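[1] Give me coordinates for this.
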Amino acid sequence: MQRWGTERLDMRKWLNLLAVLLLALMVVAPAGAQGKRKKGSQLEAMQLAYATAIRWGEFEEAWQLVDPAYRNAHPMTELAFERYKQVEISGYTDKNSSLSEDGNVLRNVELRVINKHTMAERTLRYREEWRWDPEAKRWWLAVGLPDLWDGE
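    Next comes the predicted model:
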C-alpha cells in the first residue's frame, strides 16, 4: 500500500523533470531556427548582391559570386566580359523561387536587356540556382552568368 505523501512526491519529480525538459527544448529550438534564419538571410544578401551587380552591368563582380567549381570548369575570357559591355540591363525582376530536391534554391528571373548599339530592348527569362556550401558556410550561384545572346 502506497502512502499519499510519496505519490505526491513522485508527481512533483515528474513535473520538475518535465519543466526542465521543456526549458531545455525552449533553449535549443531557437538556436536551430536561428541557424536557418541566418542561412536564409545570407541567401537574400547574396541574391541582392548578384542582382545589383547584374543590374548595374558589373558582370565581373557578379562572376565572383558563381561557384568556384563552375568558374574553374567554365572560365570566362576577356572577350566574353567585353561582350557584356554591349548591353545594358534595364530590368531585373524576381518572378518566383522554389526549393529543388537536392536543397538548392531555384529562382526564376526576368531580365530586360537593351542592346547599346541598336537601343532595342528585349525580355528574357533566366533561372538561377543557388547552392549552399557547408564548408565555406555561404551560398554560391551554381550556374554561370545569364546567356544574353541565346547561345549565339
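
[2] which stretch of helix or strand covers the residue nearest the centre of the chain?
    Central residue check for the chain by C-alpha atoms, centre = their mean: the C-alpha nearest the mean position is that of L43, 3.2 Å away. Here L43 sits within helix 4-55, counting by DSSP states H and E.

[3] can you give me the mean pLDDT across that helix?
    Taken as a whole, helix 4-55 has an average pLDDT of 71.

[4] Likewise for stretch 92-105?
    For stretch 92-105, the mean confidence score works out to 94.

[5] what separates that stretch from the chain centre, distance-wise?
    8 Å (C-alpha atoms, centre = their mean, to the nearest Å).

[6] give me the number of residues near the residue lying closest to E61 once chain neighbours are set aside?
    Leaving aside its sequence neighbours, E61 sits nearest to A53 (C-beta to C-beta, 6 or more residues apart in numbering; 4.3 Å). Quick note: C-beta positions are derived from backbone N, CA and C, even for glycine. Using other C-beta atoms under 10 Å, A53 is surrounded by 20 other residues.

[7] 10 is where my numbering starts, stick with that
    Taking 10 as the first residue, the last one we looked at is A62.

[8] Can I get the helix or strand that contains F90 in PDB, CA atoms only?
    Secondary structure assignment for F90, by DSSP H and E: helix 87-93. Extracted C-alpha coordinates of helix 87-93, given in PDB (Å, rounded to 0.1, in the frame of the first residue of the first chain):
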ATOM      1  CA  GLU A  87      38.200  38.800 -71.500                       C
ATOM      2  CA  LEU A  88      36.200  38.800 -74.800                       C
ATOM      3  CA  ALA A  89      33.200  37.300 -73.000                       C
ATOM      4  CA  PHE A  90      33.300  40.100 -70.400                       C
ATOM      5  CA  GLU A  91      33.700  42.700 -73.200                       C
ATOM      6  CA  ARG A  92      30.500  41.300 -74.800                       C
ATOM      7  CA  TYR A  93      28.500  42.100 -71.700                       C
END
